[in-house]
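> with the sequence up front, the predicted model follows.
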Amino acid sequence: MAALIVENFRFLSLFFKSKDVMIFNGLVALGTVGSQELFSVVAFHCPCSPARNYLYGLTAIGVPALALFIIGIILSNHTWNLVAECQLRQAKNCSAAPNFLLFSSILGRAAVAPITWSVISLLRGEAYVCALSEFVDPSSLSVGAQGFPPGHAPEILARFPCGEAPANLSGSQAEVVRGLKYESQLFGWLLIGVVAILVFLTKCLKHCCSPLSYRQEAYWTQYRNNEAQLFQRTAEVHSRVLAANNVRRFFGFVALDKEDKELVQEFPVEGVQPRPQWNAITGVYLYRENQGSPLYSRLHKWAQGMVGNGTAPDNLEMAFLTI
(Lines give C-alpha, C1' and ligand atoms only; values in the text may rest on other atoms or scores of the structure.)
Protein backbone atom coordinates (compact mmCIF):
# COMPACT_ATOMS: atom_id res chain seq x y z
CA MET A 1 0.00 0.00 0.00
CA ALA A 2 2.81 2.39 0.93
CA ALA A 3 4.62 1.62 -2.32
CA LEU A 4 1.44 2.36 -4.28
CA ILE A 5 1.04 5.71 -2.55
CA VAL A 6 4.68 6.58 -3.29
CA GLU A 7 4.25 5.68 -6.95
CA ASN A 8 1.12 7.82 -7.16
CA PHE A 9 2.97 10.79 -5.69
CA ARG A 10 5.80 10.28 -8.16
CA PHE A 11 3.31 10.18 -11.01
CA LEU A 12 1.70 13.43 -9.83
CA SER A 13 5.12 15.01 -9.48
CA LEU A 14 6.08 14.07 -13.01
CA PHE A 15 2.68 15.18 -14.27
CA PHE A 16 3.02 18.60 -12.70
CA LYS A 17 6.51 18.88 -14.17
CA SER A 18 5.17 18.04 -17.60
CA LYS A 19 7.21 18.99 -20.62
CA ASP A 20 4.14 20.55 -22.17
CA VAL A 21 3.74 24.10 -20.87
CA MET A 22 0.11 24.15 -22.00
CA ILE A 23 -0.65 21.10 -19.82
CA PHE A 24 1.07 22.70 -16.84
CA ASN A 25 -0.82 25.97 -17.37
CA GLY A 26 -4.03 23.98 -17.65
CA LEU A 27 -3.34 22.31 -14.32
CA VAL A 28 -2.66 25.68 -12.72
CA ALA A 29 -5.90 27.05 -14.14
CA LEU A 30 -7.84 24.01 -12.97
CA GLY A 31 -6.45 24.34 -9.45
CA THR A 32 -7.34 28.04 -9.46
CA VAL A 33 -10.92 27.24 -10.52
CA GLY A 34 -11.27 24.81 -7.62
CA SER A 35 -9.84 27.34 -5.17
CA GLN A 36 -12.18 30.05 -6.45
CA GLU A 37 -15.21 27.80 -6.12
CA LEU A 38 -14.21 26.87 -2.58
CA PHE A 39 -13.66 30.54 -1.72
CA SER A 40 -17.08 31.48 -3.09
CA VAL A 41 -18.84 28.79 -1.08
CA VAL A 42 -16.92 29.10 2.19
CA ALA A 43 -15.40 32.55 2.51
CA PHE A 44 -17.37 35.01 0.35
CA HIS A 45 -20.00 36.92 2.34
CA CYS A 46 -21.11 40.25 0.96
CA PRO A 47 -21.45 42.79 3.82
CA CYS A 48 -24.54 44.32 2.14
CA SER A 49 -23.67 47.76 3.45
CA PRO A 50 -23.05 50.99 1.50
CA ALA A 51 -19.37 51.76 0.86
CA ARG A 52 -18.35 48.35 2.20
CA ASN A 53 -19.82 46.40 -0.70
CA TYR A 54 -17.62 48.15 -3.24
CA LEU A 55 -14.39 47.57 -1.32
CA TYR A 56 -15.25 43.98 -0.43
CA GLY A 57 -16.29 43.01 -3.96
CA LEU A 58 -13.23 44.49 -5.64
CA THR A 59 -10.97 43.02 -2.96
CA ALA A 60 -12.47 39.57 -3.49
CA ILE A 61 -11.59 39.78 -7.19
CA GLY A 62 -8.33 41.72 -7.14
CA VAL A 63 -6.39 40.77 -4.02
CA PRO A 64 -6.37 36.96 -4.56
CA ALA A 65 -5.46 37.58 -8.21
CA LEU A 66 -2.58 39.82 -7.16
CA ALA A 67 -1.40 37.26 -4.59
CA LEU A 68 -1.52 34.46 -7.19
CA PHE A 69 0.42 36.65 -9.62
CA ILE A 70 3.19 37.34 -7.10
CA ILE A 71 3.34 33.66 -6.13
CA GLY A 72 3.63 32.75 -9.82
CA ILE A 73 6.58 35.10 -10.21
CA ILE A 74 8.25 33.70 -7.08
CA LEU A 75 7.82 30.09 -8.23
CA SER A 76 9.20 30.75 -11.72
CA ASN A 77 12.75 29.51 -12.29
CA HIS A 78 13.22 32.28 -14.86
CA THR A 79 12.81 34.87 -12.09
CA TRP A 80 15.74 33.57 -10.10
CA ASN A 81 17.82 32.98 -13.22
CA LEU A 82 17.31 36.66 -14.01
CA VAL A 83 18.27 37.64 -10.46
CA ALA A 84 21.41 35.51 -10.70
CA GLU A 85 22.23 36.99 -14.10
CA CYS A 86 21.96 40.54 -12.78
CA GLN A 87 24.02 39.64 -9.71
CA LEU A 88 26.79 37.76 -11.52
CA ARG A 89 27.02 39.54 -14.86
CA GLN A 90 24.82 42.65 -14.55
CA ALA A 91 22.85 41.23 -17.53
CA LYS A 92 25.45 42.81 -19.82
CA ASN A 93 25.02 40.11 -22.46
CA CYS A 94 21.25 40.58 -22.77
CA SER A 95 19.94 43.18 -25.18
CA ALA A 96 16.49 44.77 -25.10
CA ALA A 97 14.84 42.03 -27.16
CA PRO A 98 16.03 39.09 -24.97
CA ASN A 99 15.09 41.00 -21.83
CA PHE A 100 11.63 41.64 -23.26
CA LEU A 101 11.20 37.97 -24.14
CA LEU A 102 12.36 36.88 -20.69
CA PHE A 103 10.05 39.28 -18.84
CA SER A 104 7.19 38.26 -21.11
CA SER A 105 7.79 34.61 -20.28
CA ILE A 106 7.88 35.30 -16.53
CA LEU A 107 4.80 37.51 -16.54
CA GLY A 108 2.89 35.30 -18.97
CA ARG A 109 3.26 32.16 -16.89
CA ALA A 110 2.61 34.01 -13.66
CA ALA A 111 -0.59 35.52 -15.12
CA VAL A 112 -2.32 32.17 -15.74
CA ALA A 113 -3.66 31.75 -12.21
CA PRO A 114 -4.74 35.39 -11.59
CA ILE A 115 -6.48 35.65 -14.97
CA THR A 116 -8.29 32.39 -14.28
CA TRP A 117 -9.35 33.68 -10.86
CA SER A 118 -10.61 36.96 -12.34
CA VAL A 119 -12.49 35.21 -15.16
CA ILE A 120 -14.22 32.74 -12.83
CA SER A 121 -15.11 35.56 -10.42
CA LEU A 122 -16.65 37.57 -13.26
CA LEU A 123 -18.53 34.60 -14.69
CA ARG A 124 -20.00 33.78 -11.29
CA GLY A 125 -20.92 37.43 -10.84
CA GLU A 126 -21.30 37.38 -7.07
CA ALA A 127 -18.41 39.74 -6.30
CA TYR A 128 -19.37 42.09 -9.14
CA VAL A 129 -23.00 42.25 -7.98
CA CYS A 130 -21.85 42.88 -4.43
CA ALA A 131 -19.48 45.65 -5.49
CA LEU A 132 -21.76 47.63 -7.80
CA SER A 133 -25.31 47.05 -6.57
CA GLU A 134 -25.40 50.29 -4.56
CA PHE A 135 -24.44 52.34 -7.64
CA VAL A 136 -27.42 51.28 -9.75
CA ASP A 137 -29.63 54.21 -10.71
CA PRO A 138 -33.14 53.52 -9.36
CA SER A 139 -34.66 55.50 -12.23
CA SER A 140 -33.19 52.97 -14.69
CA LEU A 141 -35.29 50.16 -13.25
CA SER A 142 -38.58 49.14 -14.79
CA VAL A 143 -40.53 50.40 -11.77
CA GLY A 144 -38.56 53.63 -11.66
CA ALA A 145 -37.56 55.29 -8.40
CA GLN A 146 -40.91 54.51 -6.79
CA GLY A 147 -40.61 52.61 -3.56
CA PHE A 148 -37.13 53.93 -2.79
CA PRO A 149 -37.23 56.46 0.05
CA PRO A 150 -35.45 59.68 -0.95
CA GLY A 151 -31.79 59.55 0.09
CA HIS A 152 -31.94 55.88 1.10
CA ALA A 153 -31.76 54.25 -2.32
CA PRO A 154 -28.03 53.27 -2.05
CA GLU A 155 -28.65 51.67 1.35
CA ILE A 156 -31.56 49.62 0.02
CA LEU A 157 -29.71 48.67 -3.18
CA ALA A 158 -26.66 47.57 -1.16
CA ARG A 159 -28.81 44.92 0.55
CA PHE A 160 -30.04 43.42 -2.72
CA PRO A 161 -27.11 40.93 -3.09
CA CYS A 162 -28.10 39.38 0.25
CA GLY A 163 -31.76 39.01 -0.71
CA GLU A 164 -32.75 41.67 1.79
CA ALA A 165 -35.26 43.90 0.05
CA PRO A 166 -38.67 45.34 0.93
CA ALA A 167 -41.57 43.26 -0.34
CA ASN A 168 -42.59 45.95 -2.81
CA LEU A 169 -39.08 45.93 -4.37
CA SER A 170 -38.57 42.19 -4.83
CA GLY A 171 -38.99 42.58 -8.58
CA SER A 172 -36.41 45.38 -8.62
CA GLN A 173 -34.01 43.22 -6.66
CA ALA A 174 -34.15 40.43 -9.24
CA GLU A 175 -33.77 43.00 -12.03
CA VAL A 176 -30.68 44.57 -10.41
CA VAL A 177 -28.99 41.23 -9.75
CA ARG A 178 -29.80 39.96 -13.24
CA GLY A 179 -28.46 43.13 -14.91
CA LEU A 180 -25.23 43.18 -12.92
CA LYS A 181 -24.61 39.48 -13.53
CA TYR A 182 -25.07 40.13 -17.23
CA GLU A 183 -22.42 42.86 -17.13
CA SER A 184 -20.08 40.71 -15.04
CA GLN A 185 -20.32 37.70 -17.34
CA LEU A 186 -19.93 39.92 -20.39
CA PHE A 187 -16.66 41.29 -19.01
CA GLY A 188 -15.56 37.75 -18.17
CA TRP A 189 -16.12 36.48 -21.72
CA LEU A 190 -14.45 39.58 -23.16
CA LEU A 191 -11.43 38.94 -20.93
CA ILE A 192 -11.27 35.34 -22.19
CA GLY A 193 -11.39 36.56 -25.79
CA VAL A 194 -8.67 39.19 -25.27
CA VAL A 195 -6.38 36.68 -23.55
CA ALA A 196 -6.92 34.11 -26.31
CA ILE A 197 -6.04 36.67 -28.99
CA LEU A 198 -2.93 37.78 -27.09
CA VAL A 199 -1.76 34.18 -26.65
CA PHE A 200 -2.28 33.50 -30.36
CA LEU A 201 -0.40 36.64 -31.43
CA THR A 202 2.42 35.88 -28.99
CA LYS A 203 2.84 32.34 -30.32
CA CYS A 204 2.85 33.63 -33.90
CA LEU A 205 5.39 36.34 -33.06
CA LYS A 206 7.61 33.84 -31.25
CA HIS A 207 7.74 31.42 -34.19
CA CYS A 208 8.14 34.19 -36.77
CA CYS A 209 11.05 35.82 -34.92
CA SER A 210 12.79 32.60 -33.87
CA PRO A 211 16.00 31.83 -35.81
CA LEU A 212 15.37 28.10 -35.28
CA SER A 213 13.25 25.76 -37.31
CA TYR A 214 10.21 24.23 -35.66
CA ARG A 215 11.93 20.85 -35.24
CA GLN A 216 15.10 22.30 -33.75
CA GLU A 217 13.11 24.45 -31.34
CA ALA A 218 11.16 21.34 -30.28
CA TYR A 219 14.47 19.52 -29.77
CA TRP A 220 15.80 22.44 -27.72
CA THR A 221 12.71 22.28 -25.50
CA GLN A 222 13.19 18.54 -25.00
CA TYR A 223 16.87 19.05 -24.20
CA ARG A 224 16.14 21.70 -21.58
CA ASN A 225 13.55 19.52 -19.88
CA ASN A 226 15.80 16.44 -19.92
CA GLU A 227 18.79 18.41 -18.68
CA ALA A 228 16.76 19.91 -15.82
CA GLN A 229 15.39 16.52 -14.76
CA LEU A 230 18.76 14.76 -14.95
CA PHE A 231 20.53 17.63 -13.20
CA GLN A 232 17.99 17.65 -10.37
CA ARG A 233 18.13 13.88 -9.98
CA THR A 234 21.93 13.79 -10.09
CA ALA A 235 22.27 16.72 -7.68
CA GLU A 236 20.04 14.90 -5.21
CA VAL A 237 22.15 11.73 -5.42
CA HIS A 238 25.43 13.68 -5.30
CA SER A 239 24.40 15.64 -2.20
CA ARG A 240 23.15 12.46 -0.51
CA VAL A 241 26.39 10.56 -1.16
CA LEU A 242 28.48 13.56 -0.11
CA ALA A 243 26.49 13.87 3.11
CA ALA A 244 26.95 10.14 3.78
CA ASN A 245 30.73 10.46 3.28
CA ASN A 246 30.95 13.43 5.62
CA VAL A 247 28.85 11.72 8.31
CA ARG A 248 31.12 8.66 8.03
CA ARG A 249 34.22 10.81 8.50
CA PHE A 250 32.71 12.41 11.61
CA PHE A 251 31.29 9.33 13.35
CA GLY A 252 33.44 6.64 11.79
CA PHE A 253 30.35 4.98 10.28
CA VAL A 254 27.07 5.97 8.68
CA ALA A 255 23.68 4.27 9.03
CA LEU A 256 22.47 3.65 5.49
CA ASP A 257 19.49 1.75 4.21
CA LYS A 258 19.80 -0.64 1.29
CA GLU A 259 19.08 2.00 -1.35
CA ASP A 260 21.58 4.45 0.14
CA LYS A 261 24.28 1.77 0.30
CA GLU A 262 23.78 1.05 -3.38
CA LEU A 263 24.04 4.75 -4.19
CA VAL A 264 27.26 5.17 -2.18
CA GLN A 265 28.84 2.14 -3.83
CA GLU A 266 27.72 2.97 -7.36
CA PHE A 267 28.41 6.72 -7.33
CA PRO A 268 31.61 7.57 -5.44
CA VAL A 269 31.85 11.30 -4.72
CA GLU A 270 35.38 12.63 -4.35
CA GLY A 271 34.78 16.37 -4.07
CA VAL A 272 32.44 19.27 -4.67
CA GLN A 273 32.11 21.74 -7.51
CA PRO A 274 33.74 25.12 -6.85
CA ARG A 275 31.62 28.25 -6.80
CA PRO A 276 32.80 29.52 -10.23
CA GLN A 277 31.42 26.37 -11.83
CA TRP A 278 28.02 26.96 -10.24
CA ASN A 279 28.15 30.58 -11.39
CA ALA A 280 29.02 29.46 -14.91
CA ILE A 281 25.89 27.32 -15.27
CA THR A 282 23.55 29.72 -13.45
CA GLY A 283 21.69 32.62 -14.98
CA VAL A 284 19.73 33.64 -18.04
CA TYR A 285 20.56 31.78 -21.21
CA LEU A 286 19.30 32.33 -24.74
CA TYR A 287 20.17 30.28 -27.77
CA ARG A 288 23.74 30.70 -29.00
CA GLU A 289 25.97 29.02 -31.56
CA ASN A 290 29.71 28.50 -31.79
CA GLN A 291 30.89 28.18 -35.37
CA GLY A 292 27.50 26.87 -36.39
CA SER A 293 27.24 24.34 -33.55
CA PRO A 294 24.31 24.97 -31.20
CA LEU A 295 24.80 25.55 -27.48
CA TYR A 296 21.52 24.71 -25.80
CA SER A 297 22.22 25.79 -22.22
CA ARG A 298 24.83 27.25 -19.90
CA LEU A 299 25.67 23.72 -18.81
CA HIS A 300 26.15 22.70 -22.44
CA LYS A 301 28.33 25.76 -22.99
CA TRP A 302 30.40 24.97 -19.90
CA ALA A 303 30.77 21.32 -20.94
CA GLN A 304 32.17 22.47 -24.28
CA GLY A 305 34.83 24.51 -22.44
CA MET A 306 33.43 27.85 -23.58
CA VAL A 307 32.72 29.55 -20.27
CA GLY A 308 32.56 33.32 -20.52
CA ASN A 309 32.07 35.80 -23.34
CA GLY A 310 35.37 37.59 -23.39
CA THR A 311 34.72 40.16 -20.66
CA ALA A 312 36.92 40.60 -17.63
CA PRO A 313 34.70 39.00 -14.96
CA ASP A 314 34.11 35.94 -17.12
CA ASN A 315 37.82 35.64 -17.92
CA LEU A 316 38.51 35.74 -14.21
CA GLU A 317 35.92 33.03 -13.72
CA MET A 318 37.67 30.96 -16.39
CA ALA A 319 40.97 31.44 -14.55
CA PHE A 320 39.44 30.10 -11.37
CA LEU A 321 38.23 27.03 -13.24
CA THR A 322 41.69 26.23 -14.60
CA ILE A 323 43.35 26.30 -11.19
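Ah, there it is.
> contacts only, for residue 302.
By CB atoms under 8 Å, 6 or more residues apart in numbering, the contact list for residue 302 reads 277, 280, 281. Where C-beta positions appear, they are placed from N, C-alpha and C, glycine not excepted.
> phi, psi of the first one?
In this case it means residue 277. phi -70, psi -40 (degrees, to the nearest 10).
> got it, and residue 289?
Backbone geometry at residue 289, expressed as degrees, to the nearest 10, gives phi -130, psi 150.
> look up how far residue 81 lies from it.
To residue 81, residue 289 is 20 Å away according to CB to CB, to the nearest Å.
> looking at those two, which one has more neighbours?
Shown here are residue 289 and residue 81; by other CB atoms under 10 Å, residue 81 has more neighbours (17 against 9).
> sorry, back to before: nearest to residue 162 among the contacts of residue 302?
Proximity of the contacts of residue 302 to residue 162 (CB to CB) peaks at residue 281, which lies at 57.9 Å.
> any idea how far residue 158 is from residue 164?
When residue 158 is compared with residue 164 (using CB to CB), they lie 9 Å apart.
> shared neighbours, those two?
residue 48.
> of these two, which one has the most company?
For residue 158 and residue 164, the more surrounded residue by other CB under 10 Å is residue 158, and the numbers stand at 24 against 11.
> off-centre distance for the longest helix along the chain?
Longest helix of the chain, by residue count under DSSP state H: helix 170-209. Using CA atoms, centre = their mean, to the nearest Å, the mean C-alpha position of helix 170-209 is found 21 Å from that of the whole chain.
> who is the closest residue to residue 304 other than its chain neighbours paired with across the strands?
Spatial nearest neighbour of residue 304, excluding adjacent residues (CB to CB, 6 or more residues apart in numbering): residue 295 at 6.7 Å. For residue 295, the beta-bridge partners are residue 288 (DSSP bridges).
> that older thread, next SSE downstream of the longest helix of the chain?
Next helix or strand after helix 170-209 toward the C-terminus (DSSP states H and E): helix 214-251.
> so which strand or helix has the nearest residue to residue 107 once chain neighbours are set aside?
Once flanking residues are discounted, residue 107 sits nearest to residue 73: 7.6 Å by CB to CB, 6+ apart. Assigned by DSSP H and E, residue 73 belongs to helix 52-75.
> in the helix or strand just after that helix, what counts as buried?
Using DSSP H and E, the helix or strand that directly follows helix 52-75 along the chain is helix 77-89. Using 16 or more other CB atoms under 10 Å as the test for burial, helix 77-89 gives 78, 79, 81, 82, 85, 88, 89.
> quick one: low-confidence parts of the stretch 101-250 of the chain?
For the stretch 101-250 of the chain, applying pLDDT under 70 flags the ranges 142-151, 165-170.
> from the chain's centroid, how far away is stretch 227-245?
Using CA atoms, centre = their mean, the offset of stretch 227-245 from its chain centre is 26 Å.
> buried sites along that stretch?
237, 240, 241, 244.
> okay, those in CSV with distance to residue 138 next?
Listed next are the buried residues of stretch 227-245 as CSV, based on distance: CB to CB, whole Å:
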residue, distance to residue 138
237, 71
240, 70
241, 75
244, 76
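> tell me the two of the residues you listed that are most distant?
Top of the distance list for those (CB to CB): 237 and 244, 10.6 Å.
> anything in contact with each of these two?
With CB under 8 Å, 6+ apart, residue 237 and residue 244 have common neighbours residue 263.
> one step back: for the contacts of residue 302, which one is nearest residue 63?
residue 281 (38.2 Å).
> what number of residues lie near that closest one?
17.
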